[in-house]
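A.B. asks: here is the input, now give the coordinates:
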Amino acid sequence: MTSINFISIIVCLIVAVFGVLALAILYKVKTGVSIKTYLVGALCFTVFVTVLEGLVHSVCIAGDNSLSRIINGSVILYMLYGAFMAGIFEEVGRWFGFRFLLRKHKDASTAIGYGIGHGGIEVWLLVVANYVLILLVGLGVSLGDPTADAMMLTAGASITPGVICLVLFERVAAVILHIGLSCLVFTSVNRKGMKHYLPIAIFLHAIADMPAALFQKGMLPMWFTEAWIFVLAVAVCFYGLRLLRKTA
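C.D. replies: Predicted structure coming up:
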């Protein structure tokens, strides 16, 4: 890796770590939201996505079986599987958090705080953790697996200032989307006659993720994928915040 690669990674780590912290601190100062909302958002993402959804993926995508071969062999099935698994696990995780762990927190700030915690931990797990490993391998620290070390070095060599801008743009869009979806699921849990907003959140989440699955299969360019998630994220967040105000 070149010095440009190293500098790009370090800049990304600084922005990702302190950007999330700054957002959480500023919202806490502005609204007095309970720190518990951040922690529950982070916990539910970790359990429902990293653990539970990951277990399903290990069988349906990464495993070598008839089901995984069928899904991986069809672009449409791969897109639908990836999009709706993400929607179901993340939104059900949100529902669980609001319904059981934050059941005494009925104020609207809880929805946004949860979204910050959910989106923030995703930034740290997907970007910060991976980039720290890439940085360490680039500095000569082995992961104990030559294949993994080589993959990290290859990944590090591709990280340029342009790539960092794209990664950070994508994560900002994702956090915006998570805040909007959290408003929808919060409403479904805490407002009478609004239970239908949970399936709406699942559907919108799936729609947001579909282009990413097609990009992974080489069917869509990256610029379209990133533009799609940003536009949809802003629309969902606007819709969610408006709903939150109307039902307060």
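
A.B. asks: use CA for all of it now, contacts and neighbours both
C.D. replies: OK.

A.B. asks: centroid-nearest residue for this structure?
C.D. replies: The chain has Glu122 as the residue nearest its centroid, 4.7 Å off, counting by Cα atoms, centre = their mean.

A.B. asks: tell me the pLDDT of that residue.
C.D. replies: What the model reports as pLDDT for Glu122 is 97.

A.B. asks: that one contacts Cys44, doesn't it?
C.D. replies: No. With contact defined as Cα atoms under 8 Å, Glu122 does not reach Cys44; the gap is 10.9 Å.

A.B. asks: who's sitting farthest from the centroid in this structure?
C.D. replies: The chain, Cα atoms, centre = their mean, max distance from centroid: Gly140 (29.9 Å).

A.B. asks: in the helix or strand hosting Gly54, what's buried?
C.D. replies: For Gly54, the enclosing helix or strand under DSSP states H and E is helix 54-60. The neighbour-count check on helix 54-60 (16 or more other Cα atoms under 10 Å) flags 57, 60 as buried.

A.B. asks: and for stretch 195-213?
C.D. replies: 195, 197-213.

A.B. asks: ok, now stretch 130-149?
C.D. replies: Quick answer for stretch 130-149 (16+ other Cα under 10 Å): 131, 133-135, 137-138, 149.

A.B. asks: check stretch 10-19 too.
C.D. replies: Those would be 10, 12-13, 16-17, for stretch 10-19 by 16+ other Cα under 10 Å.

A.B. asks: name the residues that touch it?
C.D. replies: 123-124, 127-128, 131-132, 164, 168 (Cα atoms under 8 Å, 6 or more residues apart in numbering).

A.B. asks: of those, which pair is most distant in space?
C.D. replies: Using Cα to Cα, the contacts of stretch 10-19 span at most 15.5 Å, a distance reached by Val132 and Leu168.

A.B. asks: filter the contacts of stretch 10-19 down to the ones in helices?
C.D. replies: 123, 131-132, 164, 168 (DSSP state H).

A.B. asks: okay if I get those as CSV plus distance to Asp64?
C.D. replies: Output for those, formatted as CSV (distance: Cα to Cα, whole Å):
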residue, distance to Asp64
Val123, 30
Tyr131, 29
Val132, 30
Ile164, 34
Leu168, 34
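
A.B. asks: in space, what's closest to Pro221 - neighbours in sequence excluded?
C.D. replies: With sequence-adjacent residues excluded and distances taken as Cα to Cα, 6 or more residues apart in numbering, Pro221 is closest to Phe215, at 6.2 Å.

A.B. asks: by mean pLDDT, which helix or strand of this structure comes out lowest?
C.D. replies: Ranked by mean pLDDT, DSSP states H and E, the weakest helix or strand in the chain is helix 146-157, scoring a mean of 90.

A.B. asks: other SSEs contacting that helix?
C.D. replies: helix 3-31, helix 129-138 (3 or more Cα pairs under 8 Å, 6 or more residues apart in numbering; DSSP states H and E).

A.B. asks: give me the neighbour count for Gly218.
C.D. replies: 11 (other Cα atoms under 10 Å).

A.B. asks: helix, strand or coil: sort out it for me.
C.D. replies: Under DSSP: H, G, I helix; E, B strand; the rest coil, Gly218 falls in the coil class.

A.B. asks: where does it fall, phi/psi-wise?
C.D. replies: phi 80, psi 20 (degrees, to the nearest 10).

A.B. asks: from Gly82, how far out is it?
C.D. replies: 15 Å (Cα to Cα, to the nearest Å).
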